[in-house]
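# build me a structure from this.
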Amino acid sequence: MNERYAWNSIFEYQFTKEEPASAATIREFRDSWNRSLTAEEIYEYSSRQTNPFPVSSPLHSQYKPLDPSTWRLPQQPLPDSYLQLLAYANGGEFQTGERNFAFFGTEDLREMNLVYEIPYYMAGAVSFGMDGGGNHYLFDMRAGRVNGEYPIVLASSGNLGFEDCMHAANSLLELCTGREALDG
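Residues are numbered from 1 along each chain as shown. Modelled structure (predicted):
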(Lines give C-alpha, C1' and ligand atoms only; values in the text may rest on other atoms or scores of the structure.)
Protein backbone atom coordinates (compact mmCIF):
# COMPACT_ATOMS: atom_id res chain seq x y z
CA MET A 1 0.00 0.00 0.00
CA ASN A 2 1.22 3.46 -0.81
CA GLU A 3 1.02 6.46 1.51
CA ARG A 4 -0.41 5.59 4.92
CA TYR A 5 -2.94 7.77 6.70
CA ALA A 6 -3.34 8.13 10.45
CA TRP A 7 -7.06 7.34 10.36
CA ASN A 8 -7.31 7.65 14.16
CA SER A 9 -6.55 11.39 13.86
CA ILE A 10 -8.71 12.19 10.82
CA PHE A 11 -12.22 11.92 12.25
CA GLU A 12 -13.47 14.26 14.98
CA TYR A 13 -16.04 11.76 16.24
CA GLN A 14 -16.12 7.98 16.18
CA PHE A 15 -19.65 6.84 16.95
CA THR A 16 -19.22 3.20 15.98
CA LYS A 17 -15.79 1.83 15.13
CA GLU A 18 -15.77 -1.81 14.12
CA GLU A 19 -12.73 -3.96 14.87
CA PRO A 20 -9.94 -3.60 12.31
CA ALA A 21 -9.96 -6.07 9.43
CA SER A 22 -6.99 -8.43 9.54
CA ALA A 23 -4.46 -8.50 6.71
CA ALA A 24 -5.84 -11.90 5.65
CA THR A 25 -9.42 -10.56 5.63
CA ILE A 26 -8.37 -7.56 3.54
CA ARG A 27 -6.50 -9.80 1.05
CA GLU A 28 -9.52 -12.08 0.68
CA PHE A 29 -11.87 -9.10 0.34
CA ARG A 30 -9.58 -7.37 -2.19
CA ASP A 31 -9.59 -10.50 -4.34
CA SER A 32 -13.32 -11.28 -4.14
CA TRP A 33 -15.50 -8.17 -3.69
CA ASN A 34 -16.04 -7.72 -7.42
CA ARG A 35 -16.40 -11.32 -8.59
CA SER A 36 -19.31 -12.23 -10.87
CA LEU A 37 -22.67 -12.68 -9.20
CA THR A 38 -23.35 -16.21 -8.05
CA ALA A 39 -26.45 -18.13 -9.11
CA GLU A 40 -27.74 -17.65 -5.55
CA GLU A 41 -27.25 -13.87 -5.72
CA ILE A 42 -28.92 -13.68 -9.13
CA TYR A 43 -31.89 -15.65 -7.81
CA GLU A 44 -32.11 -13.52 -4.64
CA TYR A 45 -32.07 -10.18 -6.46
CA SER A 46 -34.35 -11.43 -9.25
CA SER A 47 -36.93 -12.57 -6.71
CA ARG A 48 -36.99 -9.09 -5.15
CA GLN A 49 -38.23 -7.53 -8.39
CA THR A 50 -41.92 -6.66 -8.16
CA ASN A 51 -44.11 -4.54 -10.38
CA PRO A 52 -44.66 -1.24 -8.53
CA PHE A 53 -47.66 -0.28 -10.65
CA PRO A 54 -51.23 -1.41 -9.86
CA VAL A 55 -52.91 -3.62 -12.44
CA SER A 56 -55.24 -0.72 -13.31
CA SER A 57 -52.27 1.48 -14.31
CA PRO A 58 -51.31 1.67 -18.00
CA LEU A 59 -47.69 1.40 -16.81
CA HIS A 60 -48.30 -2.04 -15.26
CA SER A 61 -47.99 -3.85 -18.60
CA GLN A 62 -44.85 -1.86 -19.50
CA TYR A 63 -42.93 -2.81 -16.36
CA LYS A 64 -39.79 -4.86 -16.99
CA PRO A 65 -37.90 -6.24 -13.99
CA LEU A 66 -34.15 -5.73 -13.78
CA ASP A 67 -31.96 -8.67 -14.75
CA PRO A 68 -29.21 -9.14 -12.14
CA SER A 69 -27.45 -11.69 -14.36
CA THR A 70 -26.24 -8.72 -16.44
CA TRP A 71 -24.83 -6.77 -13.48
CA ARG A 72 -21.06 -6.39 -13.25
CA LEU A 73 -19.11 -4.79 -10.45
CA PRO A 74 -16.10 -2.70 -11.55
CA GLN A 75 -13.00 -4.80 -12.17
CA GLN A 76 -10.55 -2.14 -11.03
CA PRO A 77 -8.79 -2.47 -7.67
CA LEU A 78 -10.11 -0.56 -4.68
CA PRO A 79 -7.85 2.33 -3.64
CA ASP A 80 -5.20 1.56 -1.03
CA SER A 81 -6.63 4.34 1.16
CA TYR A 82 -9.91 2.42 1.51
CA LEU A 83 -8.08 -0.83 2.32
CA GLN A 84 -6.07 1.09 4.94
CA LEU A 85 -9.33 2.42 6.39
CA LEU A 86 -10.57 -1.18 6.70
CA ALA A 87 -7.35 -2.04 8.56
CA TYR A 88 -8.23 0.76 10.99
CA ALA A 89 -11.98 0.03 11.22
CA ASN A 90 -13.82 -2.66 9.28
CA GLY A 91 -16.82 -0.38 8.96
CA GLY A 92 -18.24 2.20 11.30
CA GLU A 93 -19.80 5.61 11.75
CA PHE A 94 -17.66 8.72 11.96
CA GLN A 95 -17.95 12.50 11.64
CA THR A 96 -15.72 15.41 10.70
CA GLY A 97 -17.29 18.84 11.05
CA GLU A 98 -20.79 18.56 9.57
CA ARG A 99 -19.82 15.61 7.36
CA ASN A 100 -21.07 12.16 8.41
CA PHE A 101 -19.75 8.78 7.29
CA ALA A 102 -21.17 5.28 7.63
CA PHE A 103 -18.50 3.15 5.96
CA PHE A 104 -19.21 -0.37 4.73
CA GLY A 105 -16.90 -3.11 5.95
CA THR A 106 -15.63 -6.19 4.17
CA GLU A 107 -18.85 -8.09 4.92
CA ASP A 108 -21.17 -5.28 3.77
CA LEU A 109 -19.72 -3.59 0.69
CA ARG A 110 -20.72 -6.17 -1.92
CA GLU A 111 -24.17 -6.74 -0.43
CA MET A 112 -24.96 -3.02 -0.15
CA ASN A 113 -23.98 -2.47 -3.79
CA LEU A 114 -26.26 -5.31 -4.90
CA VAL A 115 -29.17 -4.36 -2.62
CA TYR A 116 -29.14 -0.80 -3.97
CA GLU A 117 -28.66 -2.12 -7.54
CA ILE A 118 -25.57 0.06 -8.05
CA PRO A 119 -24.25 -2.11 -10.94
CA TYR A 120 -27.46 -1.33 -12.85
CA TYR A 121 -27.99 2.34 -12.01
CA MET A 122 -24.35 3.44 -11.78
CA ALA A 123 -22.27 0.91 -13.72
CA GLY A 124 -18.61 1.64 -13.11
CA ALA A 125 -19.10 2.92 -9.56
CA VAL A 126 -18.92 1.23 -6.19
CA SER A 127 -20.61 2.50 -3.05
CA PHE A 128 -18.35 2.28 0.00
CA GLY A 129 -20.53 4.10 2.51
CA MET A 130 -23.34 6.53 3.18
CA ASP A 131 -23.69 9.97 4.72
CA GLY A 132 -26.46 9.27 7.24
CA GLY A 133 -28.96 11.18 5.08
CA GLY A 134 -29.69 8.55 2.44
CA ASN A 135 -26.81 9.44 0.12
CA HIS A 136 -24.10 7.06 -1.08
CA TYR A 137 -20.39 7.81 -1.25
CA LEU A 138 -19.15 6.07 -4.41
CA PHE A 139 -15.80 5.56 -6.07
CA ASP A 140 -16.28 6.54 -9.73
CA MET A 141 -14.16 3.87 -11.40
CA ARG A 142 -15.17 4.62 -14.99
CA ALA A 143 -11.77 6.23 -15.59
CA GLY A 144 -8.42 5.22 -14.20
CA ARG A 145 -7.02 6.21 -10.85
CA VAL A 146 -5.16 9.46 -10.36
CA ASN A 147 -2.42 9.21 -7.74
CA GLY A 148 -3.93 5.89 -6.68
CA GLU A 149 -7.39 7.36 -6.08
CA TYR A 150 -10.73 7.48 -7.87
CA PRO A 151 -13.00 10.52 -7.88
CA ILE A 152 -15.72 10.21 -5.26
CA VAL A 153 -19.31 11.13 -6.04
CA LEU A 154 -22.37 11.49 -3.82
CA ALA A 155 -25.68 10.07 -5.06
CA SER A 156 -29.10 9.87 -3.44
CA SER A 157 -30.43 6.37 -2.72
CA GLY A 158 -33.71 7.40 -4.32
CA ASN A 159 -32.15 8.85 -7.47
CA LEU A 160 -29.07 6.83 -8.36
CA GLY A 161 -27.35 7.85 -11.57
CA PHE A 162 -24.31 9.76 -12.78
CA GLU A 163 -26.42 12.54 -14.30
CA ASP A 164 -27.83 13.56 -10.91
CA CYS A 165 -24.90 12.83 -8.59
CA MET A 166 -22.39 15.40 -7.41
CA HIS A 167 -18.61 15.33 -7.29
CA ALA A 168 -17.63 15.07 -3.62
CA ALA A 169 -13.84 14.70 -3.58
CA ASN A 170 -10.80 13.58 -5.55
CA SER A 171 -9.63 11.16 -2.85
CA LEU A 172 -10.85 9.36 0.24
CA LEU A 173 -8.63 11.54 2.44
CA GLU A 174 -10.06 14.72 0.88
CA LEU A 175 -13.59 13.41 1.49
CA CYS A 176 -12.90 12.49 5.12
CA THR A 177 -11.13 15.73 6.03
CA GLY A 178 -13.79 17.96 4.49
CA ARG A 179 -15.89 19.67 7.14
CA GLU A 180 -18.92 20.90 5.18
CA ALA A 181 -21.99 18.71 4.79
CA LEU A 182 -22.56 17.60 1.22
CA ASP A 183 -26.01 17.78 -0.30
CA GLY A 184 -26.66 15.01 -2.84
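# what about the strands in the chain?
Applying DSSP state E to the chain gives strands spanning 13-17, 92-96, 99-103, 125-130, 135-140, 152-156, 166-169.
# in TSV: those strands, plus mean pLDDT, distance to residue 86 and mean neighbour count.
Placement of C-beta: from N, CA and C, glycine included. Shown next, in TSV, are the strands of the chain (pLDDT from 0 to 100; distance: least, CB to CB, whole Å; neighbours: other CB atoms under 10 Å):
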stretch	mean pLDDT	distance to residue 86	mean neighbour count
strand 13-17	95	12	13
strand 92-96	97	10	19
strand 99-103	97	8	20
strand 125-130	98	10	24
strand 135-140	98	14	23
strand 152-156	98	16	22
strand 166-169	97	18	16
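# which parts of this protein are helices?
23-32, 39-47, 80-88, 109-115, 118-121, 172-177 (DSSP state H).
# got the strands of the chain as a markdown table, with distance to residue 113 columns?
Listed next are the strands of the chain as a markdown table, based on distance: least, CB to CB, whole Å:
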| stretch | distance to residue 113 |
| --- | --- |
| strand 13-17 | 21 |
| strand 92-96 | 18 |
| strand 99-103 | 13 |
| strand 125-130 | 5 |
| strand 135-140 | 9 |
| strand 152-156 | 12 |
| strand 166-169 | 17 |
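# now mean pLDDT, mean neighbour count and distance to residue 5 too, for the helices of the chain, in JSON lines please.
JSON lines is the format used below for these (pLDDT from 0 to 100; neighbours: other CB atoms under 10 Å; distance: least, CB to CB, whole Å):
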{"stretch": "helix 23-32", "mean pLDDT": "98", "mean neighbour count": "13", "distance to residue 5": "15"}
{"stretch": "helix 39-47", "mean pLDDT": "96", "mean neighbour count": "13", "distance to residue 5": "33"}
{"stretch": "helix 80-88", "mean pLDDT": "97", "mean neighbour count": "21", "distance to residue 5": "6"}
{"stretch": "helix 109-115", "mean pLDDT": "97", "mean neighbour count": "18", "distance to residue 5": "19"}
{"stretch": "helix 118-121", "mean pLDDT": "98", "mean neighbour count": "18", "distance to residue 5": "25"}
{"stretch": "helix 172-177", "mean pLDDT": "97", "mean neighbour count": "19", "distance to residue 5": "6"}
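# could you find the closest non-adjacent residue to the most centrally placed residue in the chain?
Centroid-nearest residue in the chain, with CA atoms, centre = their mean: residue 127, separated by 1.1 Å. Nearest residue to residue 127, sequence neighbours excluded (CB to CB, 6 or more residues apart in numbering): residue 136, at 4.2 Å.
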